[in-house]
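Asks: Quick one: sequence and predicted model below, then my questions.
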Amino acid sequence: MENYDIVIIGAGPVGLTISTSLARWGYKIKHIDNRPEPTATGRADGIQPRSLDLLRNMGLKRQIMAHDPAKVYEVAFWDPSAKGIHRTGTWASCPKFIDARYPFTTLLHQGLIERVFIEDIEKHGGQIQRPWTITGFKNDGKDPVYPVEVNLAHVDGTSKETVRAKYLFSGEGARSFVRDQLGVQIHHKDPIAHVWGVMDGVVRTDFPDIKMKCTIHSDAGSIMVIPRENNMVRLYIQLASSTDKDWNPRKTATEEEVQSHAKKILKPYHIEWDRVEWYSAYPIGQGIAERYTLDERVFMGGDACHTHSPKAGQGMNTAFLDAVNLAWKIHHVESGFASRSILNTYESERKLVAENLLDFDARYAKLFSARIPSAGEVGSANTQAAAQAASKHEPEENDFVKTFKASCEFTSGYGVAYDANIYNWSPVHPAQSPLFLSYQKGTHLRTGRILTPATVTRVVDANVVHLEQEIPFNGSFRLYIFAGTPAISSAALDDLATYMTAPRSFFSTYLHQNEDTDRYHERHNPHTPFLTLTTVVALPRAEIEIDDLLPPVLSRYRDHVYADDIWDARVPEAKAAAHAKIGLDEEKGGVVVVRPDGYVGCVVKLEQGTGTVDALNAYFGSFTGKSMGGAEAKL
C-alpha cells in the first residue's frame with residue numbers, strides 16, 4: 001500500500017492551490033479529480049486585487065496575465081428610467097483609499113487559471129489523476145505516521161486503489177463526498193435561494209458599458225455584465241427566487257430564452273450574440289459548513305465549506321486563501337516548526353472569513369435582485385431628497401450602490417482580518433513584553449491583516465521594488481527589520497544580531513543541519529528554512545554600504561537589504577516612507593514578523609539590550625513548542 005503526505009480530492013481552484021504549494025515544498029501528493037479533462041470553459045472568472053498579489057507572490061501572475069485577461073477598474077450602475085435603463089454613476093472597483101498594487105479585478109475563465117496551476121504542479125513532479133473519485137476513507141490510526149486510509153476508484157469502476165496518508169483534503173466543491181461522510185452539516189445564513197443563468201459569449205451591442213463591469217436593474221429584471229478575455233462578455237441573469245410564488249429550484253431556461261430576457265432588460269439598447277462559448281443555469285444559496293475539520297487530519301476547503309452567489313466574485317478568491325492558509329500550516333507541522341495544535345487555526349481563521357462573506361453576500365444578492373424604482377417613481381416619492389442630490393450635482397445613491405461602495409475593501413480581499421490567536425499577537429497573547437506594539441500604539445499595522453505595501457530600493461542592484469513581494473510564498477516566516485537611521489539604531493541592530501544568533505533563539509533553533517551544503521547563491525534561506533530576514537534602512541541607497549552598516553548575520557541577506565528612499569503619496573512628508581506607512585519611528589525603526597501567507601503576526605520595538613529578541617523568542621516559542629532564549633552568540 002502506497003503512503004502519501006496528502007491526498008487531495010478535486011482539481012478546482014482550492015485543490016490546485018494547496019497542491020501547487022505543497023508540491024513546491026517537496027511533499028508526496030496523490031491528487032485526483034473526477035472530471036476526464038480540466039475545465040474547458042466557464043465557471044469562475046474573477047481574480048480580485050489581493051488574490052493577484054498572492055499569485056505574484058507564488059510566481060504565477062505573469063502566466064495568468066499572458067492570457068490577456070480583461071481588467072475591471074470601474075463598475076457602472078444602471079437603473080430603471082422611463083425609456084428603459086440609464087446609467088446613474090460609476091465607482092472604482094478598488095478605490096484609492098485601498099492601498100493596492102493592482103487596483104482592478106482580473107477577468108479570465110477558470111480553465112485558463114487552472115492550466116497555470118497544473119503546469120506548475122507538473123513542473124514540480126506532480127500530476128492530476130483523472131478521472132478518479134473517492135469511495136471511502138477513515139482515520140483509523142493503524143499507522144501512526146499515515147493514519148488516514150483512503151479508498152479511490154476510476155469513475156468507470158474498472159480500477160481501485162487504497163492508499164494511506166497523513167492528511168486528506170476535500171476540494172470537491174459543494175457536493176462533497178468527504179463532507180457528507182463526516183456528517184458535517186451546511187448551515188444556511190439566508191433561507192432565500194436563487195436560480196441564476198450565466199452566459200459567456202461574443203456580442204454585438206450599442207450598450208455603451210459592455211467593456212465594463214455593470215450592475216443593471218430594470219423593470220424587466222437584473223443583470224450583471226462582466227467583460228472577459230478574447231472580446232467576450234459574461235452576463236449573470238437571475239431566473240428565479242425562492243420568494244417567487246411558483247419557485248422551482250430546478251428551474252432552467254434555454255440560451256434563447258435567457259438572451260430574450262437580457263434583451264428586455266437592456267432596453268433601449270440592443271444586443272445580439274455572435275457566439276455563445278458557455279451557458280449554465282444553477283441554483284445557489286448562502287451556506288457554510290459547521291466544521292472544516294473534525295480531527296485535523298481530514299480537511300475541507302473552498303465550495304465544500306461555503307457557497308454563495310457569484311455576484312461579488314468571491315468564490316475562487318476565497319478558495320485561494322483557504323488553500324494557502326492550510327498549506328503553510330501543514331508544512332510547519334510536518335517540518336517540526338510548530339506543534340500539531342496550530343492546525344485548529346485553519347478552521348477558526350477561514351470560517352470567520354466565510355461567515356463575513358456570506359453575511360455580505362446575503363445583503364448584496366438581495367439588493368441586486370430587488371426591483372429598483374424608476375427615476376420617475378423616485379422623483380415623486382422623494383422630491384426633497386432628489387432636489388438635494390441635484391443641488392450637489394450627484395444622483396442620490398440607492399441601498400445597492402451604498403452597499404457596494406461600503407464593501408469594496410472586503411471584496412478586494414484587503415478587508416480580510418483574522419482574529420487574535422497564537423499567530424496573531426494581541427495583549428492577551430501568551431507572549432508578553434512591553435516591546436510589543438499594537439495598532440495605533442506604536443504601529444499602523446494590525447495583526448491578522450495583510451502587510452502594508454511599500455516601495456523601496458534594493459541596495460545591491462538599485463532596483464526599485466515592492467517590499468512585500470520580495471520574499472516569495474516559500475513557507476518561511478518573514479522578519480522585516482526596519483533599521484531606522486544607523487547613526488541612531490546601530491547599537492540596537494548589533495544587539496539584535498548578537499542575541500538572535502544565540503543557540504536557543506528563534507533564529508538558531510531551526511538552522512540547516514547540513515552545514516557542508518554550499519548555499520552561497522541561496523537568497524532567502526541561507527541559514528534556516530524557518531524564516532527569511534529583510535533589512536530596510538532609512539537612508540538613500542548611495543549612503544548604504546551593507547558590510548559596514550550591518551552585522552554579519554544581516555549582511556548575509558544582502559539581496560534583502562533595502563534603502564527606504566522612495567517617496568510615497570500616502571505619506572508625502574516622510575523621509576523614510578516605508579517606515580512611516582507602517583507607523584514606525586523613522587530613526588529608531590522596529591521589527592515586523594509576517595506569517596508565510598503575508599499576514600502580520602507581531603510588531604516589536606527595536607531597542608538596545610536583549611528585549612527585542614526576548615519578545616521574539618516568546619512569540620515564536622508560543623507555537624513552535626520550543627523553549628527559546630539564551631545570550632551566547634553563535635554566528
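Replies: Received, thanks. Numbering: from 1, shown residues only.
Asks: Going by C-alpha atoms from here, please, whenever you check contacts or count neighbours.
Replies: OK.
Asks: Could I get the contacting residues of Ile121?
Replies: 19-20, 23-24, 127 (Cα atoms under 8 Å, 6 or more residues apart in numbering).
Asks: how about the CA coordinates for the host helix or strand of Val553, as CSV?
Replies: Assessed by DSSP states H and E, Val553 sits inside helix 552-555. What follows is helix 552-555, C-alpha atoms only, in CSV (Å, rounded to 0.1, in the frame of the first residue of the first chain):
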residue,chain,number,x,y,z
PRO,A,552,27.3,39.9,9.5
VAL,A,553,24.1,37.9,10.1
LEU,A,554,22.0,40.6,8.5
SER,A,555,24.5,41.5,5.7
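Asks: residues in contact with stretch 575-587?
Replies: Contact with stretch 575-587 is made by 442-445, 452, 454-456, 482-486, 488-489, 538-539, 564-568, 570-571, 574, 589-590, as judged by Cα under 8 Å, 6+ apart.
Asks: Would you mind checking those for buried ones?
Replies: Buried members of the contacts of stretch 575-587, scored by 16 or more other Cα atoms under 10 Å, are 442-445, 452, 454-456, 482-486, 489, 538-539, 564-568, 574, 589-590.
Asks: Between all of the contacts of Ile121, which two are separated the most?
Replies: Comparing every pair within these by Cα to Cα identifies Arg24 and Gln127 as the most remote, at 12.7 Å.
Asks: max-length helix in this structure?
Replies: If you go by DSSP state H, the chain has its longest helix at helix 344-369.
Asks: now Leu467: how far from Val536?
Replies: 9 Å (Cα to Cα, to the nearest Å).
Asks: Those two: who's more crowded?
Replies: Neighbours were counted for Leu467 and for Val536 using other Cα atoms under 10 Å; Val536 has more, 27 against 22.
Asks: The more buried one belongs to a strand?
Replies: Yes. Assessed with DSSP: H, G, I helix; E, B strand; the rest coil, Val536 lies in a strand.
Asks: what's it in contact with, if anything?
Replies: Contacts of Val536 (Cα under 8 Å, 6+ apart): 480-484, 561-564.
Asks: Repeat the analysis, applying 7 Å as the threshold.
Replies: 481-483, 561-564 (Cα atoms under 7 Å, 6 or more residues apart in numbering).
Asks: Not including adjacent chain positions, what is the nearest residue to Asp33?
Replies: Excluding the flanking residues, the one nearest Asp33 by Cα to Cα, 6 or more residues apart in numbering is Gly10, at 4.6 Å.
Asks: any idea how far Ile32 is from the one you found?
Replies: 6 Å.
Asks: Quick check: mean pLDDT of the helix or strand that contains Val324?
Replies: Assigning secondary structure by DSSP H and E places Val324 in helix 315-334. What helix 315-334 shows for mean pLDDT is 96.
Asks: after the helix holding Val553, next one along is what?
Replies: Where DSSP H and E defines the elements, the next helix or strand beyond helix 552-555 is strand 561-563.
Asks: How about exporting the next helix or strand after that next one as PDB, limited to the C-alpha atoms?
Replies: Using DSSP H and E, the next helix or strand after strand 561-563 towards the C-terminus is helix 577-582. This file holds the C-alpha atoms of helix 577-582, laid out as PDB (Å, rounded to 0.1, in the frame of the first residue of the first chain):
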ATOM      1  CA  ALA A 577       8.100  56.300   3.600                       C
ATOM      2  CA  ALA A 578       8.100  52.600   4.300                       C
ATOM      3  CA  HIS A 579       8.800  53.200   8.000                       C
ATOM      4  CA  ALA A 580       6.200  55.900   8.100                       C
ATOM      5  CA  LYS A 581       3.400  53.900   6.300                       C
ATOM      6  CA  ILE A 582       3.900  51.100   8.800                       C
END
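Asks: if we can go back for a sec, for the helix holding Val324, which outside residues touch it?
Replies: For helix 315-334, contacts defined as Cα under 7 Å, 6+ apart pick out 13-14, 17-18, 21-22, 44, 47-48, 51, 301-302, 338-340, 343, 346, 350, 475, 596-597.
Asks: Tell me which of those fall in helices.
Replies: Short answer: the contacts of helix 315-334 in helices (DSSP H) are 13-14, 17-18, 21-22, 51, 346, 350.
Asks: from the residues you listed, which is closest to Ser555?
Replies: Of those, the one sitting nearest to Ser555 (Cα to Cα) turns out to be Ser21, at 29.1 Å.
Asks: ok, the closest residue to Asp303 other than its chain neighbours - contacts?
Replies: Closest residue to Asp303 apart from its sequence neighbours, by Cα to Cα, 6+ apart: Gly173 at 4.5 Å. The neighbours of Gly173, taking Cα under 7 Å, 6+ apart as the test, are 302-304.
Asks: would TSV of these with pLDDT and neighbour count be doable?
Replies: Below are the contacts of Gly173 laid out as TSV (pLDDT from 0 to 100; neighbours: other Cα atoms under 10 Å):
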residue	pLDDT	neighbour count
Gly302	95	28
Asp303	93	25
Ala304	95	26
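Asks: Looking at those, which is nearest Asp419?
Replies: Looking across the contacts of Gly173 and measuring by Cα to Cα, the closest to Asp419 is Gly302, at 20.1 Å.
Asks: how much space between the closest one and Gln48?
Replies: In this view, Gly302 and Gln48 are 16 Å apart by Cα to Cα.
Asks: now do Thr162
Replies: For Thr162, the distance to Gln48 - Cα to Cα - is 39 Å.
Asks: cool, Lys96 as well?
Replies: According to Cα to Cα, Lys96 and Gln48 sit 15 Å apart.
Asks: Neighbour count: those two, which is higher?
Replies: Gln48 (27 against 9).
Asks: Pretty sure Arg275 sits in a strand.
Replies: Yes. The assignment for Arg275 (three-state DSSP) places it in a strand.
Asks: Local confidence estimate at it?
Replies: Here, the pLDDT recorded for Arg275 equals 96.
Asks: quick one on the thing from earlier: identify the contacts common to Gly10 and Ile32.
Replies: Shared contacts of Gly10 and Ile32 (Cα under 7 Å, 6+ apart): none.
Asks: if we can go back for a sec, could I get the contacts of Ile121 as CSV with neighbour count?
Replies: Shown next, in CSV, are those (neighbours: other Cα atoms under 10 Å):
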residue, neighbour count
Ser19, 31
Thr20, 24
Ala23, 20
Arg24, 16
Gln127, 18
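Asks: Assign a three-state SS to His194, would you?
Replies: His194 is classified as strand under three-state DSSP.
Asks: Tell me who's in contact with it.
Replies: Going by Cα under 7 Å, 6+ apart, His194 touches 240-242, 283-285.
Asks: Recalculate using a threshold of 6 Å.
Replies: By Cα atoms under 6 Å, 6 or more residues apart in numbering, His194 lies in contact with 240-241, 283-284.
Asks: got a markdown table for the residues you listed, with pLDDT, distance to His217 and neighbour count too?
Replies: Shown next, in a markdown table, are the contacts of His194 (pLDDT from 0 to 100; distance: Cα to Cα, whole Å; neighbours: other Cα atoms under 10 Å):
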| residue | pLDDT | distance to His217 | neighbour count |
| --- | --- | --- | --- |
| Ala240 | 80 | 15 | 22 |
| Ser241 | 79 | 16 | 22 |
| Pro283 | 77 | 20 | 20 |
| Ile284 | 73 | 20 | 18 |
